[in-house]
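**Student:** I'd like to go over a predicted model; first the sequence, then the structure.
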4 protein chains.
Amino acid sequence: MKPNRTMLKIGELATGQDLELPIFQFKPDSISGPSVYIQANVHGAEVQGNAVIYQLMRLLEDSDVRGRITLVPLANPLGINQKSGEFTLGRFDPITGVNWNREYLDHNIDVATWYEQHAHLDDEALVMHYRTLLIERCHSRLVSDWGVTTGHHQAVNLQLMGHGADIVLDLHTGPKSCKHLYCPEYDAEAAKLFSIPYTLFIPNDFGGAMDESIFCPWWQLSEHLKTQGRKFAVPVSAFTLELGSQEHIDLEDALVDAQGIMAYLSHRGVIGERVEPANMQRFGCYLKDYKKYHAPIGGMVEYLAKVGQTLEAGQPLANILRLDHYGSEQVLTPLSLPQDCVPILHFASASVYQGTELYKVMTNVFEV
Amino acid sequence: MKPNRTMLKIGELATGQDLELPIFQFKPDSISGPSVYIQANVHGAEVQGNAVIYQLMRLLEDSDVRGRITLVPLANPLGINQKSGEFTLGRFDPITGVNWNREYLDHNIDVATWYEQHAHLDDEALVMHYRTLLIERCHSRLVSDWGVTTGHHQAVNLQLMGHGADIVLDLHTGPKSCKHLYCPEYDAEAAKLFSIPYTLFIPNDFGGAMDESIFCPWWQLSEHLKTQGRKFAVPVSAFTLELGSQEHIDLEDALVDAQGIMAYLSHRGVIGERVEPANMQRFGCYLKDYKKYHAPIGGMVEYLAKVGQTLEAGQPLANILRLDHYGSEQVLTPLSLPQDCVPILHFASASVYQGTELYKVMTNVFEV
Amino acid sequence: MKPNRTMLKIGELATGQDLELPIFQFKPDSISGPSVYIQANVHGAEVQGNAVIYQLMRLLEDSDVRGRITLVPLANPLGINQKSGEFTLGRFDPITGVNWNREYLDHNIDVATWYEQHAHLDDEALVMHYRTLLIERCHSRLVSDWGVTTGHHQAVNLQLMGHGADIVLDLHTGPKSCKHLYCPEYDAEAAKLFSIPYTLFIPNDFGGAMDESIFCPWWQLSEHLKTQGRKFAVPVSAFTLELGSQEHIDLEDALVDAQGIMAYLSHRGVIGERVEPANMQRFGCYLKDYKKYHAPIGGMVEYLAKVGQTLEAGQPLANILRLDHYGSEQVLTPLSLPQDCVPILHFASASVYQGTELYKVMTNVFEV
Amino acid sequence: MKPNRTMLKIGELATGQDLELPIFQFKPDSISGPSVYIQANVHGAEVQGNAVIYQLMRLLEDSDVRGRITLVPLANPLGINQKSGEFTLGRFDPITGVNWNREYLDHNIDVATWYEQHAHLDDEALVMHYRTLLIERCHSRLVSDWGVTTGHHQAVNLQLMGHGADIVLDLHTGPKSCKHLYCPEYDAEAAKLFSIPYTLFIPNDFGGAMDESIFCPWWQLSEHLKTQGRKFAVPVSAFTLELGSQEHIDLEDALVDAQGIMAYLSHRGVIGERVEPANMQRFGCYLKDYKKYHAPIGGMVEYLAKVGQTLEAGQPLANILRLDHYGSEQVLTPLSLPQDCVPILHFASASVYQGTELYKVMTNVFEV
């Protein structure tokens, strides 16, 4: 089965040129599985997700697809095309500084009032009505006499597509990073299915990112129903997959992650084939134990700790070289951390201001 | 009286060089008035506040200063020195995209619990203890095994100085802008004193900016005391002054604003002289009526509406020129607004993406 | 007569999207006048030329057009769409730093050898053969097994269109600038026709800019023929028009410059109507007398000298404010120049590093 | 022997802060060897040279130093501290776009006239007078009523120090690169001494870079003397060492290159110890055979060819992924080159515009 391609206009450049997204869809004739939405490259430099979508589409062409699957690579044309020097300045809007992955709509629904009017519905109808509400709110957000910001316009258009699906995967990368997964706590079992060694278990609240924009309204509904004595499982799943380092394309490695996604889709019944998850060790920690370490001084950085490998307390994390201090002990400052951890990612540049985020590390790591 | 000059280190560059702030202080021998903290140029391109501090210090040298006055021009050395092309890229951290004026500490104090332990204090002692709390919390925020971000480190150092004062003025500018004042609703009378024609009355909540970081904890305390039946006026004042357009220095105009600040300081008893506020009309609106208009299409913009001048509904706001559409009506799109307003500022560039914030306008304007 | 619109692809973005130029052509049925090529906005922030093309096309629609006229607004889509903060970073390629107006092909033809083989031709045939040579060299420059840089690819495509015309106008602006014209010395009479008060008379050599890329090969041919005793006037005209300040669109002022261009086109017989040049004083200087003044120290700049107005030696040019030196004489450094001049443009930002180009001024100015 | 540290002011920021260079000098009491000047990090992201200077100074401390050695790490404070997103935008002046390594003074001396007046001098005196001339010309370039640009001011200050030495090493890196050396053809033997596998033999002309600014005036003198029948070897040596990839610090690898430099200094008699060059194969090509390959289309790039490893004609160089073309053959474009080569460096980002320089490769490689 070949995917169908359409284009979606999501903006206009100063020259008047349209900004467009390519959208690929696998639509089985008869639908028996959940629907899926996958996007990549919302941060301009985080390109590997496109390669994963490429490999995934090739795998899906030969699969028994049972749910509608929508794939949007290159999801942020402004960010992807924004170069500054030899690199892509694609993490935030170059005009406003707003992170492209913090532009999604916070529905902030008064769930109690809404539920009062819909309490009579059964679960299936409840899901349908609530989903319609989310989609309508996105639509009306995009229509305003006063206009909508560039970034919000793009994000809410993506979110709209996400709300239409049962499963949402947002493909990102870190700066210099090992693979890791953002997984909401209510959906922790999913962490055993992808080909990703480290999982960050995040609370179920809205922080502005795509995955949260999708699952939070449902989790809020679920929580409210619990207070009303009605059991209602969150009916959508949404994850952010961090697929290694930015500014890097590797087709072979992309196949590994495409297969991991296939294992998850198989488990969820989106494809008919049985695809087993990779046999590998998986670890995780809670967001509160995910620590950022900031450069205590400015200088040149030699990154010593490898991402994805356990680092014991006191072991070398990095050196900061300060040639201006040659002749004193301050010329080389060895850095280490006070507790055991797994470094997950480090800063992309080898020179830092005081206070630059050097490393993000998992502490209190447990096997998943 | 000459001010005393000291330097404060607030960061380190990648080359190891210290980032420093010049701090000027007028310290009268005997203090009978409130203390004042004034900073300028936290956004790198918003330089006119430095000129205002220059003129203000010259006026203060010949004045009867009765309260301690601390002045910090050039308050963001990283942002001020960050050029990109011919302009200053000084609105946000070039690495993280975070707005330099959204880096202040949200104290988020459990006021009820704190007050339980301090309810026995009289107002003066209450102020002293609460102020000490705020300062200590800033200090401890700056000390962490895991470090502090560059922007937060700078901001909290500024905030620390602000918490030490009774009156805080943060001098900014807009992009292309007329003068306007951000004034918290509880302190609305102050709007009649500065030489500023337009005032935005803002709620008393924390949104991340310097002025809010100063007055919010006090307003929260005041609100809590009200629930306890104790009347307690917010003892600090904090304002953001937007002194015209960015990338512009005008010493004569700076004198006008310095005199406006002198009128305020006179009214508050910081200086002994009687300085009357300028005789001028002053207008304002509430934040909820301060509207942002975003470009409905991409293109070249001719800004027609002048800032600081009433624009009636339907009158020309701007034209968007789209040469690619020459030959059709779309070549020139006239823009107007559906309600009467006063344009306060517009975007700095004459070409925009769809969704770029074109104008900010006050609606439902009233005389102050 | 309506112009005909076509699109020319001149590049591809990282997302795969085509970069295209809109091209407008007035093609009279019977041609009796010289052909014209006009482009605008090769520097991304210099947008006013688009407005001039807009007004010019409206005038031409009602004119008796006798030569083919090609107009290319928005001639640098990459540069125009490249924002950095609130401004357009459009002066140089964001990856390489190369000025977009220094990417044109230096033909560097061995004129002597070429002429040996073509000496038998009459002037008209000589022009035709030489023009064909220039066009072919551009075409073959664009075809290479090793590819061509982004900027060169765009520039040579524009140059190709320019070589096809007898008259080439490249519409630019300065940063903060009065109107001025770059006019090659061999073509000095043209300076009296446009509605531009200041003219810079430039040598006839190639410095990398569009106008030079057009006229230099012809001037070299003309010079060589002179050594061979053959009188041969340079058959093409090429000028750069600097139409005020960047980041500014003004349709009314654009009409003034469109009328100035009409006067030139009328004089040259491109249009049938008689359009008189504006009755205004015009001044000029030689390139060697066009001086750049660089900031002697870093600091905040108050620009005092108005562009386009005579400034006598020793009169105030600008002030540099250095708040860190408050309390000493260095707090304010007045700048002036040692000789009479007319400031033509100044830097766009009000804060400068030591060495930033502050002003460009004409010295030894004469009436044209 | 410990080096002596001094600081040299080479500029001022907009905040007024001085830009300074740390300068380290080993000055033996009795001088019997040639003098040396070594600088690093003129391009802001090319930091590894600082680590090499660090290791080199540690080695020199224990060596028998016989010539004066001056070392300037962190030689471009503006460029090093200029971040844009997560990377260092340090290749060109952020205001002008001019490459920091193209700002050196082209002396452009009328050698014939100068030599007429100095022909009577013996070689040693000739060297001394000519060197003085070069230094004086740099000094007078820095003094001008009209000021000097920021970049030129910094570069000429560095050049001044370089002219004072017999041996000049400029430490750079490529983007993603193997180690390679720029070596002038007259000094080809030096290529066998450093620990660098690839050498680019460059003509002896001035192209704007530091090494050329040092040796070109001498080579011109030498050439002129040859025409006068006087044999005069170029008395200075100047090289650019490209020490791997930018944004990377590796102290162990820095020691390898420090030892390579020690071998060269030993060979030249700067240190008393005998240090043998590393036993390794070394290859090279001429500049005319150093080819740039530009992206034939825009898209996402998978770099396949490893730097520093021979690539046969037709073998895979890179893939360009174009997800917008999924479903057609254009989705993946394999790139290869028509001749055997050694890829030396490739672009730093994995997404490119059409025309971005993808790879630089050596062709017609020979063993050195």
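**Tutor:** All right, it came through fine.
**Student:** rest of the way, CA atoms for contacts and neighbours
**Tutor:** Noted.
**Student:** Roughly how far does residue A:198 sit from chain D?
**Tutor:** 23 Å (Cα to the nearest Cα, to the nearest Å).
**Student:** And residue A:22, by the same measure?
**Tutor:** Taking Cα to the nearest Cα, one finds residue A:22 at 6 Å from chain D.
**Student:** okay but that residue is in contact with residue D:324, surely?
**Tutor:** Yes. Using Cα atoms under 8 Å, residue A:22 is in contact with residue D:324, at 5.8 Å.
**Student:** Between these two, which is the more surrounded one?
**Tutor:** Between residue A:22 and residue D:324, counted using other Cα atoms under 10 Å in any protein chain shown, the more crowded position is residue D:324 (23 against 19).
**Student:** three-state assignment of the more buried one?
**Tutor:** Put simply, residue D:324 is helix when judged by DSSP: H, G, I helix; E, B strand; the rest coil.
**Student:** Which residues are in contact with it?
**Tutor:** A:22, C:15, C:16, D:331 (Cα atoms under 8 Å, 6 or more residues apart in numbering or on different chains).
**Student:** Measure how buried the third one is and give me the count.
**Tutor:** When counting by other Cα under 10 Å, one arrives at 23 neighbours for residue C:16.
**Student:** State the phi and psi torsions of it.
**Tutor:** With angles defined as degrees, to the nearest 10, residue C:16 sits at phi 100, psi -10.
**Student:** ok, so of the contacts of residue D:324, who is nearest residue A:277?
**Tutor:** residue D:331 (28.2 Å; Cα to Cα).
**Student:** what number of residues lie near the closest one?
**Tutor:** Residue D:331 sits with 17 neighbouring residues when counted by other Cα under 10 Å.
**Student:** try residue A:222
**Tutor:** 19.
**Student:** Would you check that residue A:88 makes contact with residue A:80?
**Tutor:** Yes. Residue A:88 is within contact range of residue A:80, at 6.8 Å (criterion: Cα under 8 Å).
**Student:** what do those two both touch?
**Tutor:** Here residue A:88 and residue A:80 have A:44, A:45, D:351 as joint contacts, going by Cα under 8 Å, 6+ apart.
**Student:** State the helix or strand in which the nearest residue to the last one once chain neighbours are set aside lies.
**Tutor:** Of all residues not flanking residue D:351 in the chain, residue D:300 sits nearest, at 4.3 Å (Cα to Cα, 6 or more residues apart in numbering or on different chains). Mapping residue D:300 onto the secondary structure by DSSP states H and E places it in strand D:299-303.
**Student:** With residue A:168 instead?
**Tutor:** Short version, using DSSP H and E: residue A:168 is in strand A:167-174.
**Student:** Pairing partners for that strand, with directions?
**Tutor:** Strand A:167-174 pairs in its sheet with strand A:36-40 (parallel), strand A:237-245 (parallel), by DSSP bridges.
**Student:** who's in contact with residue A:75?
**Tutor:** A:21, A:39, A:40, A:41, A:42.
**Student:** The third one: neighbour count?
**Tutor:** Okay, so that is residue A:40. When neighbours are counted by other Cα under 10 Å, residue A:40 comes out with 27.
**Student:** How about the last one?
**Tutor:** Residue crowding around residue A:42 was assessed by other Cα under 10 Å; the count is 31.
**Student:** how about the residues of chain A near chain C?
**Tutor:** Neighbours of chain C within chain A, by Cα under 8 Å from any Cα of the partner chain: A:13-15, A:74, A:77, A:80-87, A:94-97.
**Student:** need the strands for the stretch 201-350 of chain A, in chain order.
**Tutor:** For the stretch 201-350 of chain A, the strands defined by DSSP state E, counting those that start in this stretch cover A:237-245, A:283-286, A:290-294, A:299-303, A:316-321, A:332-336, A:342-346.
**Student:** Just put these in TSV and tack on mean pLDDT.
**Tutor:** What follows is these, written out as TSV (pLDDT from 0 to 100):
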stretch	mean pLDDT
strand A:237-245	98
strand A:283-286	98
strand A:290-294	98
strand A:299-303	98
strand A:316-321	98
strand A:332-336	98
strand A:342-346	98
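**Student:** what sits against the residue of the stretch 151-300 of chain A found nearest chain C?
**Tutor:** Using Cα to the nearest Cα, the single residue of the stretch 151-300 of chain A nearest to chain C is residue A:247, 12.3 Å away. Applying Cα under 8 Å, 6+ apart, we find residue A:247 in contact with A:45, A:46, A:47, A:48, A:87, A:88, D:348, D:349, D:350, D:351.
**Student:** switch the cut-off to 10 Å
**Tutor:** A:44-48, A:87-88, A:173-176, D:300-302, D:348-351 (Cα atoms under 10 Å, 6 or more residues apart in numbering or on different chains).
**Student:** Residue A:15 now?
**Tutor:** Counting by Cα under 10 Å, 6+ apart, residue A:15 has contacts B:298-300, B:321-324, B:351-353, C:19-22, C:44, C:73-81.
**Student:** same thing with residue A:27?
**Tutor:** Neighbours of residue A:27 in contact, by Cα under 10 Å, 6+ apart: A:1, A:2, A:3, A:4, A:35, A:65, A:66, A:67, A:68, A:69, A:70.
**Student:** Which of the residues you listed fall in helices?
**Tutor:** Using DSSP state H, no member of the contacts of residue A:27 falls in helices.
**Student:** Switch the residues you listed over to TSV; also include pLDDT, neighbour count and distance to residue B:202.
**Tutor:** Below are the contacts of residue A:27 laid out as TSV (pLDDT from 0 to 100; neighbours: other Cα atoms under 10 Å in any protein chain shown; distance: Cα to Cα, whole Å):
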residue	pLDDT	neighbour count	distance to residue B:202
A:1	85	14	57
A:2	94	15	55
A:3	98	20	51
A:4	97	13	50
A:35	98	24	45
A:65	98	25	54
A:66	98	22	53
A:67	98	25	50
A:68	98	22	48
A:69	98	23	46
A:70	98	23	44
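**Student:** just to revisit the earlier point, wait, which of the contacts of residue A:75 is closest to chain D?
**Tutor:** residue A:21 (8.5 Å).
**Student:** So what sits opposite the nearest residue to residue A:177 once chain neighbours are set aside in the bridge?
**Tutor:** Closest residue in space to residue A:177, ignoring its immediate chain neighbours: residue A:345 at 4.1 Å, by Cα to Cα, 6+ apart. When bridges are called by DSSP bridges, residue A:345 pairs up with residue A:177, residue A:360.
**Student:** which residues does residue A:343 contact?
**Tutor:** A:177-178, A:290-292, A:305-311, A:317, A:359-363.
**Student:** let's go with 6 Å and repeat that
**Tutor:** A:307, A:308, A:360, A:361 (Cα atoms under 6 Å, 6 or more residues apart in numbering or on different chains).
**Student:** Mind checking which of the shared contacts of residue A:88 and residue A:80 land in helices?
**Tutor:** Going by DSSP H, the helices hold none of those.
**Student:** is it true that residue A:23 touches residue A:73?
**Tutor:** No. If you go by Cα atoms under 6 Å, residue A:23 and residue A:73 don't touch, sitting 7.5 Å apart.
**Student:** Between the two, point out the one with more neighbours.
**Tutor:** Each of residue A:23 and residue A:73 has its neighbours counted (other Cα under 10 Å); residue A:73 has more, 28 against 20.
**Student:** How about the more buried one, nearest residue that isn't a chain neighbour?
**Tutor:** residue A:40 (4.7 Å).
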